[in-house]
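Peer 1: Sequence and predicted structure, then a few things I'm wondering about:
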Amino acid sequence: MSITNSVIVPAYHEKLNVKPLTTRLFAALGNEGSKCTELIFVDDNSQDGSVEEVEALKKQGYNVKIIVRTDERGLSSAVLKGFHEAQGEYLICMDADLQHPPESVPQLFDSLKTHAFVLGTRYAPGVGIDKDWPLYRRVISSTARMMARPLTTASDPMSGFFGLQKKYLLQAAPSDINSQGFKIALELLAKLPLPKTNTIGEIPFSFGVRTEGESKLSGKVIIQYLQQLKELYFFKYGANNLILFFVFWSILALYALYKLLALVC
Ligand SMILES: Nc1nc2c(ncn2[C@@H]2O[C@H](COP(=O)(O)OP(=O)(O)O[C@H]3O[C@H](CO)[C@@H](O)[C@H](O)[C@@H]3O)[C@@H](O)[C@H]2O)c(=O)[nH]1
Ligand SMILES: [Mg+2]
């Protein structure tokens, strides 16, 4: 059976998560789903034993491989590398650390059959939104999400759990896509020539707690996000709307401050 589905996992120092992710993913896919699915880790030369872990799983019969990059680093560029190397026409991206439940992957693939893009969303009825996060992380997350509102109708464009049909990725020149930072889903949602109907499928999921390894989110990632937003606003609204752009940002900043004070007080 040929490979139609690819799961791409950016990974940096994730050795302890490689095996549980692989076994849980293929168990969730079942016999039929596993036959047409490949799993690709894109590792930035962690040298922590992830490669050996993947080789051992491959010997056990799992359709898994690992790409090791030595010339580049970064989540978004790792995802794009995996997408371009993938054989499948349906592509899913998920984190290595099990914060994205492998058990939801079959639902995301199903949704991709009828939608150009699919998002695992943390903002849906019945989903506990980041409830275990510290206050500062919740404030950063909701402010970042709010700032992306003018760019997409998606409920959770910050999600790193998403997928798309490969044909839409191939319609964009690689140089058009900003591969810095963490927010590759937002970048693709804003820039790819997606169809006007059946554009985005949304699958609610609860963002899990990382138990192995550490988060790589840093201040640099936040700065990269702000630069990316600026570029996307220009892409969507044009440089002529500069004044509108600054007015909009000022309103957002005031609103963010109001939200912050409401949370603190
Ligand atoms: N190859 C590679 N992978 C990376 C790099 N930096 C991070 N990763 C991988 O990217 C995944 C997400 O990294 P985390 O460090 O766990 O990120 P997070 O803080 O939990 O953020 C996640 O949640 C956000 C939602 O709040 C998402 O927006 C974000 O994309 C990510 O999924 C993990 O599998 C991690 O190993 C890198 O430089 N290179
Ligand atoms: Mg994480």
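Peer 2: Done, it's in. Ligands and ions are numbered 1, 2, ... in the order given.

Peer 1: The nearest residue to residue 116 once chain neighbours are set aside: helix or strand, and which one exactly?
Peer 2: Distances taken as CB to CB, 6 or more residues apart in numbering put residue 194 closest to residue 116, at 4.8 Å, once the chain neighbours are dropped. (Glycine included, C-beta is placed from N, CA and C.) Secondary structure assignment for residue 194, by DSSP states H and E: no helix or strand.

Peer 1: Tell me the pLDDT of residue 194.
Peer 2: Listed pLDDT for residue 194 reads 95.

Peer 1: Around residue 114, how many other residues sit close by?
Peer 2: Neighbours of residue 114 under the rule other CB atoms under 10 Å: 9.

Peer 1: scratch that, residue 213
Peer 2: Using other CB under 10 Å, residue 213 has 18 neighbouring residues.

Peer 1: Phi and psi next, for it.
Peer 2: When read as degrees, to the nearest 10, the backbone of residue 213 gives phi 70, psi -170.

Peer 1: ok, now residue 179?
Peer 2: When read as degrees, to the nearest 10, the backbone of residue 179 gives phi -100, psi 20.

Peer 1: What residue in the stretch 51-200 of the chain comes nearest to ligand 1?
Peer 2: Nearest residue of the stretch 51-200 of the chain to ligand 1: residue 160, at 2.2 Å (CB to the nearest ligand atom).

Peer 1: tell me the SS of the residue nearest to that residue when sequence neighbours are not counted?
Peer 2: Closest residue to residue 160 apart from its sequence neighbours, by CB to CB, 6+ apart: residue 95 at 5.4 Å. Here residue 95 takes the coil state, with states given by DSSP: H, G, I helix; E, B strand; the rest coil.

Peer 1: my guess is residue 95 meets residue 182, correct?
Peer 2: No - judged on CB atoms under 8 Å, residue 95 makes no contact with residue 182 at a distance of 10.1 Å.

Peer 1: what residue ranges in this protein score low on pLDDT?
Peer 2: When residues are selected by pLDDT under 70, those of the chain lie in 128-132, 239-243, 245, 264-265.

Peer 1: now the strands for it?
Peer 2: Per DSSP state E, the chain carries strands over the ranges 5-11, 37-43, 64-68, 90-93, 117-121, 162-165, 200-204.

Peer 1: Show me the one of the ones you listed that comes nearest ligand 2.
Peer 2: Closest to ligand 2 of those is strand 5-11 (CB to the ion; 10.4 Å).

Peer 1: Name the strands paired with the closest one and say parallel or antiparallel.
Peer 2: Paired strands of strand 5-11, with direction, are strand 37-43 (parallel), strand 90-93 (parallel) (DSSP bridges).

Peer 1: export those strands to TSV and tack on mean neighbour count and distance to ligand 1?
Peer 2: Listed next are the strands paired with strand 5-11 as TSV, based on neighbours: other CB atoms under 10 Å; distance: least, CB to the nearest ligand atom, whole Å:
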stretch	mean neighbour count	distance to ligand 1
strand 37-43	25	5
strand 90-93	26	9
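
Peer 1: Let's have the ones you listed in JSON lines, adding distance to residue 212.
Peer 2: JSON lines is the format used below for those (distance: least, CB to CB, whole Å):
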{"stretch": "strand 37-43", "distance to residue 212": "15"}
{"stretch": "strand 90-93", "distance to residue 212": "20"}
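
Peer 1: Would you enumerate the residues in contact with the residue nearest the centre of the chain?
Peer 2: Nearest to the geometric centre of the chain sits residue 160, at 2.2 Å (CA atoms, centre = their mean). Neighbour list for residue 160: 75, 93-95, 100, 182, 184-185 [criterion: CB atoms under 8 Å, 6 or more residues apart in numbering].

Peer 1: rerun at 7 Å
Peer 2: 93, 95, 182, 185 (CB atoms under 7 Å, 6 or more residues apart in numbering).

Peer 1: before we move on, the earlier item: using CSV, lay out the strands of the chain together with distance to residue 57.
Peer 2: Putting the strands of the chain into CSV (distance: least, CB to CB, whole Å) gives the following:
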stretch, distance to residue 57
strand 5-11, 13
strand 37-43, 9
strand 64-68, 5
strand 90-93, 18
strand 117-121, 24
strand 162-165, 22
strand 200-204, 26
